[in-house]
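**Student:** Return atomic coordinates for the entry below.
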Amino acid sequence: METLRKPYQGLWNVIRFNWHFYILSIAFVIILLTLPLLQETISSSYLILLACFVFLVTCNSLLVSFYIYDLSPLYTLTWLDELCLNQQKTILNINAGFDETSVLLQKKFPNTELRVLDFYDPDKHTEVSIKRARKAYPPFTNTIAINTDHIPLEDNSVDTIYAILSVHEIRNVTERISFFTELKRVLKPKGKLIITEHLRDFPNFTAYTIGFFHFHSKKTWLNTFKKASFVVHKEIKITPFLTTFVLQNA
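**Tutor:** Model prediction:
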């Protein structure tokens, strides 16, 4: 599938939506390298090593982000081919205020009805990166803003639901289970729910260090699925850092 994304778009988005983290990292490195010049009693060797460590960790996170969001198949959607979803008549795409996938799904499945829902609530979902992303990217045409406690669709009306890198923004456990219960309500009995997320696991720790706490663990996701009466039909890895769960009615 031909990509609709620009070169380095993923890496650039990571930097400009999370620039405060990188400014802090640069400032910290500068402080570490400057301290021995200001205070001769401070040993420079350890501070230089620490500065190098911070610099390498920051560069590593950017390289991994470049791999995930620009080089991997994530946004080509070729990984969907093995899920055999070509018989879909209706698709629901869920985002948290930043939508990079609706236009891709529309192109991949041109003969389906695509509906897009945005559950972003600035009072609940407070990540500053989302606010910056919303200013940079307009919503997909006819996107409907919703609350996580209600989806304005009929019961059993959707063949496939996609939530790609979005529902981890629901930090509250009760809210997340309630939302998944709503997704189950609108999904057809034989429909599929596709969840793609980073996990709070070792690969993501090596990539983002303490930043991996922003992600949910696999145990947390499985508990959410179970509470909402979903079962995992299939689990695939797009990259070592991304996991896709294919859910169906329990």
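
**Student:** OK, contacts around Tyr137?
**Tutor:** Phe98, Asp99, Glu100 (Cβ atoms under 8 Å, 6 or more residues apart in numbering). No exception for glycine: its C-beta is placed from N, CA and C like everyone else's.

**Student:** Quick one: neighbours of the second one, just the number.
**Tutor:** Meaning Asp99. Residues lying near Asp99 (other Cβ atoms under 10 Å) number 24.

**Student:** can I assume it sits in a strand?
**Tutor:** No - applying DSSP: H, G, I helix; E, B strand; the rest coil, one finds Asp99 to be coil, outside a strand.

**Student:** Flag every buried residue along stretch 143-151.
**Tutor:** Thr143, Ile146, Thr148, Ile151 (16 or more other Cβ atoms under 10 Å).

**Student:** How about the second one: what's its closest non-neighbour residue?
**Tutor:** It stands for Ile146. Nearest non-adjacent residue to Ile146, counting by Cβ to Cβ, 6 or more residues apart in numbering: Leu117, 5.0 Å away.

**Student:** what about the one you found, which helix or strand?
**Tutor:** According to DSSP states H and E, Leu117 maps onto strand 113-118.

**Student:** Between the buried residues of stretch 143-151, which sits nearest Phe225?
**Tutor:** Nearest to Phe225 out of the buried residues of stretch 143-151 is Thr148 (Cβ to Cβ; 16.0 Å).

**Student:** since we're on the residue nearest to that closest one when sequence neighbours are not counted, how many residues are nearby?
**Tutor:** Among residues not flanking Thr148 along the chain, Phe179 sits closest, at 4.1 Å (Cβ to Cβ, 6+ apart). By other Cβ under 10 Å, 24 other residues sit near Phe179.

**Student:** what do you get for the one 3 residues further on?
**Tutor:** Residues within reach of Glu182, counting by other Cβ under 10 Å, total 19.

**Student:** if I look at it, how far off is Asp149?
**Tutor:** 7 Å (Cβ to Cβ, to the nearest Å).

**Student:** Helices along this protein, start to end?
**Tutor:** Secondary structure of the chain by DSSP state H: the helices cover 9-17, 19-38, 44-66, 102-108, 128-136, 173-186, 202-208, 218-227.

**Student:** which stretch among those helices comes nearest Thr160?
**Tutor:** helix 102-108 (9.4 Å).

**Student:** So which bits of that closest one are buried?
**Tutor:** So, applying 16+ other Cβ under 10 Å, buried residues of helix 102-108: Ser102, Val103, Leu104, Leu105, Gln106, Lys108.

**Student:** For Leu83, see how far away the last one is.
**Tutor:** The reference is to Lys108. Remark: distance between Lys108 and Leu83 (Cβ to Cβ) = 12 Å.

**Student:** Counting neighbours, which bits of stretch 195-208 end up buried?
**Tutor:** Result for stretch 195-208 [16+ other Cβ under 10 Å]: buried residues Ile195, Thr196, Glu197, His198, Leu199, Arg200, Pro203, Asn204, Ala207, Tyr208.

**Student:** Kindly report the same for stretch 17-33.
**Tutor:** So, applying 16+ other Cβ under 10 Å, buried residues of stretch 17-33: Phe17, Asn18, Phe21, Ser25, Val29, Leu32, Leu33.

**Student:** tell me the contacts of the residue sitting nearest the centre point of the chain?
**Tutor:** The chain has Leu165 as the residue nearest its centroid, 2.3 Å off, counting by Cα atoms, centre = their mean. Residues near Leu165 by Cβ under 8 Å, 6+ apart: Thr196, Glu197, His198.

**Student:** That concludes my questions; thank you for your assistance.
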